[in-house]
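1. got a sequence here, can you build the structure:
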Amino acid sequence: MAAKRTTHRSTKGTKLYAVRAADGSFKDIQTFKRAHKADLAKTSKAETAAAKKAAVKKAAKKAAPKKAAKKSAKKK
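-> The predicted structure is shown next:
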């Protein structure tokens, strides 16, 4: 699990994420822009599992034999 991040603003006004160590000191400080971009690039376990499940379902559907359409007999 990712460490809890708190947001701050630099003197310049840039939004920052800060991670604190157990003693309260700053362990890591990142700009929001950089951290957000990294978060979006990383794929979660749930997303990976869902994509794998969808691929299996699609392959099974493709491999399944197709049913022949029934021709209806017209009565005269």
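
2. quick one: the helices in the protein?
-> 32-41, 45-63 (DSSP state H).

3. go through those helices and pick out the most buried.
-> helix 32-41 (a mean of 12; mean count of other C-beta atoms under 10 Å). (Each C-beta comes from the backbone N, C-alpha and C, glycine too.)

4. which residues does that helix contact?
-> 5, 7, 14-17 (C-beta atoms under 8 Å, 6 or more residues apart in numbering).

5. what about that helix, distance to the chain center?
-> 13 Å (C-alpha atoms, centre = their mean, to the nearest Å).

6. any weak-confidence spans in this structure?
-> 1-2, 68-69, 73, 75-76 (pLDDT under 70).

7. rewinding a little: do you know which of the helices of the chain lies nearest F26?
-> When those are compared by C-beta to C-beta, helix 32-41 sits nearest F26, at 14.2 Å.

8. state the pair within the contacts of helix 32-41 that is farthest apart.
-> R5 and T14 (14.9 Å).

9. of those two, who's got more company?
-> Shown here are R5 and T14; by other C-beta atoms under 10 Å, R5 has more neighbours (16 against 11).

10. not counting its neighbours along the chain, what's nearest that one?
-> Counting by C-beta to C-beta, 6 or more residues apart in numbering, Y17 is the residue found nearest to R5 once chain neighbours are left out, at 4.3 Å.
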